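Trainee: Using only what follows, build the 3D model:
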Amino acid sequence: MPVPEKPEPGSNPDLFSNLRSFWGVLVAIFYTRLDLATTELKESGRHLAWLAVISLAALLVIVMTIFFLLFFLVVLFWDQRVVVLSAVLIVCVLTSVVLVLIARHMALASPKLLAQTLAELRRDVESLRPAPTESQTTEIKP
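Mentor: Numbering: from 1, shown residues only. You can find the predicted model right below:
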């Protein structure tokens, strides 16, 4: 039967287990934050893909509508072509401005990328900072 080694004086046999558990906690925190980041990136990608698909479909329908409306109005009011074309042009310009403003609002109102992950990391940093000691919090008054 082998004789167990005596611990060296001043060394703590639990030091390595404490370090191992500390690094295990850090790895678990990192894994959780990375998992949250990938979930947020996936949701943002899905949101952008749907936004692109819907925007392209809306653009196609708008262009077709404007074309057929223009064609219909020109045929309907053949005698007053200039007036009808001017009116259609004004409507198209106003519609374009409204659509650009809506698209701008959607782009600005989209959620910040990785906002939840950054908030969690900020909380982690705050919780890992050492608490101020009593000597640091008391001020010396002259």
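Trainee: tally of neighbours for T117?
Mentor: The local packing of T117 (other CB atoms under 10 Å) involves 19 other residues. (Glycine included, C-beta is placed from N, CA and C.)
Trainee: so it touches D35, yeah?
Mentor: No - here T117 does not reach D35: they are 9.4 Å apart, not a contact under CB atoms under 8 Å.
Trainee: Show me the shaky parts of the protein.
Mentor: For the chain, applying pLDDT under 70 flags the ranges 1-13, 128, 130-142.
Trainee: where do the helices sit along it?
Mentor: 15-76, 81-109, 115-128, 134-137 (DSSP state H).
Trainee: buried residues in the second one?
Mentor: Buried positions in helix 81-109, judged by neighbour count with 16 or more other CB atoms under 10 Å: 84, 88.
Trainee: quick one, it and helix 15-76 angle?
Mentor: 170 degrees (axes from the mean of the first three to the mean of the last three CA atoms, to 10 degrees).
Trainee: by contact count, what packs against helix 81-109?
Mentor: Packing contacts for helix 81-109, counted by 3 or more CB pairs under 8 Å, 6 or more residues apart in numbering; DSSP states H and E, involve helix 15-76.
Trainee: Give me the angle between the helix it packs on and helix 115-128.
Mentor: 160 degrees.
Trainee: for helix 15-76, the distance to its chain's centre please.
Mentor: The chain centre lies 8 Å from the centre of helix 15-76; the measure is CA atoms, centre = their mean, to the nearest Å.
Trainee: Nothing else from me, thank you.
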